[in-house]
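**Q** structure of the sequence below:
(2 chains)
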There are 2 protein chains.
Amino acid sequence: MIDGAMLVGSEARQAAARFQSHDPASGQALTPDFSSATAEDVAQACALAAGAAPAFGATDPESRALFLETVASEIEAIGDDLIVRAMQESGLPRARLEGERGRTTGQLRLFAKVVRQGDWLDATIDPAMPDRAPLPRPDLRRMNIAVGPVAVFGASNFPLAFSVAGGDTASALAAGCPVVVKGHPAHPGTGELVARAIQRAVAACGMPEGTFSYLPGETNALGEALVADPRIKAVGFTGSRGGGLALMRIAAARNEPIPVFAEMSSINPVILMPGALAARGRALAEGFVQSLTMGAGQFCTNPGLVIAVEGADLDAFVAAAAEVMQGSAPQTMLSPSIHDNFAKGVSALAGHAAVETIARGQSETGANQAVAALFQTSAQQFLADVALSHEVFGSSSVIVRCQDLGEVAKVIASLEGQLTATLQLDDGDVEAARALLPVLADRVGRVLANGWPTGVEVAHAMVHGGPFPATSDGRTTSVGTLAIHRFLRPVAFQNLPAALLPAGIADENPWSVARRVDGVREGSPR
Amino acid sequence: MIDGAMLVGSEARQAAARFQSHDPASGQALTPDFSSATAEDVAQACALAAGAAPAFGATDPESRALFLETVASEIEAIGDDLIVRAMQESGLPRARLEGERGRTTGQLRLFAKVVRQGDWLDATIDPAMPDRAPLPRPDLRRMNIAVGPVAVFGASNFPLAFSVAGGDTASALAAGCPVVVKGHPAHPGTGELVARAIQRAVAACGMPEGTFSYLPGETNALGEALVADPRIKAVGFTGSRGGGLALMRIAAARNEPIPVFAEMSSINPVILMPGALAARGRALAEGFVQSLTMGAGQFCTNPGLVIAVEGADLDAFVAAAAEVMQGSAPQTMLSPSIHDNFAKGVSALAGHAAVETIARGQSETGANQAVAALFQTSAQQFLADVALSHEVFGSSSVIVRCQDLGEVAKVIASLEGQLTATLQLDDGDVEAARALLPVLADRVGRVLANGWPTGVEVAHAMVHGGPFPATSDGRTTSVGTLAIHRFLRPVAFQNLPAALLPAGIADENPWSVARRVDGVREGSPR
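**A** Reported below is the predicted structural model:
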């Protein structure tokens, strides 16, 4: 079922150049070997995508929704082979990957609902006013259309939900954009299985040739060629800051610059408010270490920073967190390079003059094992060295001890953009938290209370985004239904004959979408 | 009333360095001379704007709407002095400027309505599901918040509607973003009058110090410093392609890259379909030349390209257009540099081996006079030289003669992104137009039928945007109420205590905004 092919439209083909994936738990190479797509393959996939764009963008909502649902069914139809392969390639446990598969197919089906419902069109009609003085008003109608072919770069840490058929692909297809996926080299077998499922769905639903292509490879040149291709109109990326910045530079330097939606780096501050710390320090310590070490800490929303006011309650929290962490088992990380970067980041913190090591998890000598790490420093020291705020991807976190809540606000305001910020607070903390809230909202895409940032709900109200460098564009999200808007753009139609109006804004409203007429939503009380 | 000051927050101050504006009709310098703001002034204005951002962003819709309406009233209260000064500085006639003033104040009042109505919040609530298995769903609420201080660069061709209190300023203030305007050096007196009106409105409405600043100047360094300032979070620009690209480069190179919404260049193709050309060639020629020469052709939506199929009907159209143009009077252009660029662009076309000059307007020897120009070439020649598709800002247009409708489609597909495309069509043209429509929509922000692209309605359904290089970001508009979304970003709030929820998404819905609950709009049938 996995033969190492790349998929260019409806074709499966083998490249001369090959690469291998590895089991991170054993370090051993896995079979088969995989095609390294070339610049020529990129050009062919993009040409097919550009050819497919008009017809795929014009599919009616029902057809497009059925296609998304068929992708979900085809992924499920792979069965346990998908889970087994993903376990081998990622080192992640079965339950996690089964959950992730459910999230992936659920996401596709949620976008199918969104496509049918039609709000994504933002259908807006300003009827003509032929008698208006001094000038008549024309009939003006606006709707969103697909931007065109989208390049998707999956992440290694979610080999299903943020990869070949992950959120970027689901939202781009939902928007009506053909997708060219650059496969992540850490899980090419998993990638191929899913890519073939999408290819089957394209065929089963009669979607245009080129609606989807899959280009595996392990060189930067492959991704660079894809972003530089003039037929690509937007990019979805989840990964490192360096990788995201490189793609942003290429996109900005094109003759036609295009948007890059890169989700890059975040340390997800957790603020322990005094009342909460006093009332439930032990429970907070347990919840914190659990969130920090889950999945070897390989989440974009991992709580890499804890901010609290000095005192006995904080001391007790630190002691409890240290105790819990010391009992935490080592876990296999996704790849040698991720493990190396984690080890380097932890070493740098451990060796930093202003940083104290509070605890480490249990160690083990196997390949690519993450040993959790907890550090502390003072707010003054934290504010003095920006390196202390850099992401260490994995189970590593720094506790920042502040003199008072004013210093807490200063530490928050000093941070770069983040995906999330979490407030642990009790009733007595509400007024102090109210003062912090605007500072937090200014820095993040999601503010949580009394929870943990790991675990990102796929929902209408979700924002998995935030100011740079959490993402390249804080006006969007990469998780949740709002993500479809990254790949749409508005077009106005003025005085078009009824026979030529697109269905989304035609008088007869054949798709039964909600429309705004003269600024007021149809059926709305105002 | 005009003393050459810059406005930094509530202060009016004079700079040591000065510059002058000129009456383009006479070439003579106007009094007084004006402050050239410095990098230090930029830093102070941005610091004030950053200080104002939290409080201004948190203003309730009614207060912010009243502020926008007060800006409109204060502009009207300037009275005829504003029109007289704008006429002197722009060479534009009184009626045009009175109309533009109405458009400017109407735009502010329309955004006030939008702010009150509340759809801009996109308030979205996914209620908690505490009993969901395997994991409970948290309470998740999302709303849009202001991105922070916005830099606005006005255009010379609309000294009111696209300048100090133009669409960019109106939409940024409506979004809750403080604005720092870089004043256009071609109309600094007009700019100062309007800036003082906004300053008075800030004071009258008790808006935070720094909500608005106005920095006149004529150096590129001033604008560059403004875009580079780390406190600026987005940029609105209308002007040349070179200017827009320069600002995009600066914004992309910042430590924190920010979006630049630049509206730059467009030649606005007009397609004359065979039926329309046969039935009403003479009327089309008259309408075309009127649209082309209005305001000396100094509109972003000026019809700089006509595409039609060869034949006697096209010959008749060309002859009629030539006749009308030959009778067209010269008009004063906005500035010597705009006139120079127009003259150079027309000379280049006139001297191009593949281009035939069809007609010129009446000539005159006064300063900065635009003499309209009409050219023709073949589709083959047009496709062979990209220079023929470059914008000549002013009353200059090229007719492209095609062998058939297939060649018409090829010419359209070859174009860079455009603000508009216009179809002149009769009933018999509908099927042929249907085939062209996706090609057109792919290239533009607005498709018109049987009208002319000049004259941009300020409306909910308007898109004054389009793929690069018409704008830097085709997912937005700079005219119409959708423009507010350029300066907003979504933030999610998870499990926040009721006492801390922002008003826009609080249970009690104090602002009475429309909300989406579980993906369905409240009060909606689906």
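
**Q** contact residues of the stretch 201-350 of chain A facing chain B?
**A** A:248, A:249, A:252, A:256, A:257, A:258, A:259 (C-beta under 8 Å from any C-beta of the partner chain). Yep, even glycine has a C-beta here, placed from its N, CA and C like the rest.

**Q** any idea how far the last one is from residue A:475?
**A** In this structure, residue A:259 and residue A:475 are 10 Å apart, going by C-beta to C-beta, to the nearest Å.

**Q** tell me how many other residues crowd the nearest residue to residue A:75 once chain neighbours are set aside.
**A** Distances taken as C-beta to C-beta, 6 or more residues apart in numbering or on different chains place residue A:197 nearest to residue A:75, at 4.8 Å, with adjacent residues excluded. Residue A:197 has 22 neighbours, counted by other C-beta atoms under 10 Å in any protein chain shown.

**Q** isn't residue A:197 up against residue A:81?
**A** No: assessed by C-beta atoms under 8 Å, residue A:197 is found out of contact with residue A:81, at 11.1 Å.

**Q** where does the prediction get shaky in the stretch 151-300 of chain A?
**A** Residues of the stretch 151-300 of chain A meeting the criterion pLDDT under 70: none.

**Q** tell me where it has strands.
**A** A:179-182, A:212-215, A:234-238, A:260-263, A:269-272 (DSSP state E, counting those that start in this stretch).

**Q** which one of the ones you listed is the most hemmed in?
**A** Across the strands of the stretch 151-300 of chain A, the average number of neighbours (mean count of other C-beta atoms under 10 Å in any protein chain shown) peaks for strand A:212-215, which reaches a mean of 30.

**Q** which outside residues touch it?
**A** A:6-9, A:37, A:41-42, A:45, A:48-49, A:164, A:173, A:178-183, A:191-192, A:195, A:198-199, A:202, A:222, A:226 (C-beta atoms under 8 Å, 6 or more residues apart in numbering or on different chains).

**Q** tell me who's in contact with the residue nearest to residue A:75.
**A** Here residue A:197 is in contact with A:71, A:74, A:75, A:77, A:78, A:165 (C-beta under 8 Å, 6+ apart).

**Q** which of those ranks first by neighbour count?
**A** Highest neighbour count within the contacts of residue A:197: residue A:165, with 32 neighbours (other C-beta under 10 Å).

**Q** tell me the residues of the stretch 51-200 of chain A that contact chain B?
**A** So the stretch 51-200 of chain A meets chain B at A:53-54, A:57-58, A:99, A:113-114, A:117, A:119, A:124-126, A:134-135, A:137-138, A:140-142, A:145, A:147-148 (C-beta under 8 Å from any C-beta).

**Q** out of these, which are inside strands?
**A** A:124, A:125, A:126, A:140, A:141, A:142, A:145 (DSSP state E).

**Q** may I ask which two of those residues are separated the most?
**A** Across these, the longest distance by C-beta to C-beta is 18.2 Å; it joins A:126 and A:145.

**Q** out of these two, which sits in the more crowded spot?
**A** When neighbours are counted by other C-beta under 10 Å, residue A:126 and residue A:145 differ, and residue A:126 comes out ahead with 24 against 20.

**Q** ok, now how distant is the more buried one from residue B:68?
**A** In terms of C-beta to C-beta, residue A:126 sits 20 Å off from residue B:68.

**Q** check whether residue A:453 really touches residue A:418, as I assumed.
**A** No: look at residue A:453 against residue A:418 with C-beta under 8 Å: they stay out of range, at 9.2 Å.

**Q** now list whatever residues contact both of these two.
**A** Contact criterion C-beta under 8 Å, 6+ apart; residues shared by residue A:453 and residue A:418: residue A:268.

**Q** relative to chain B, how far out is residue A:166?
**A** From residue A:166 over to chain B the distance is 19 Å, taken as C-beta to the nearest C-beta, to the nearest Å.
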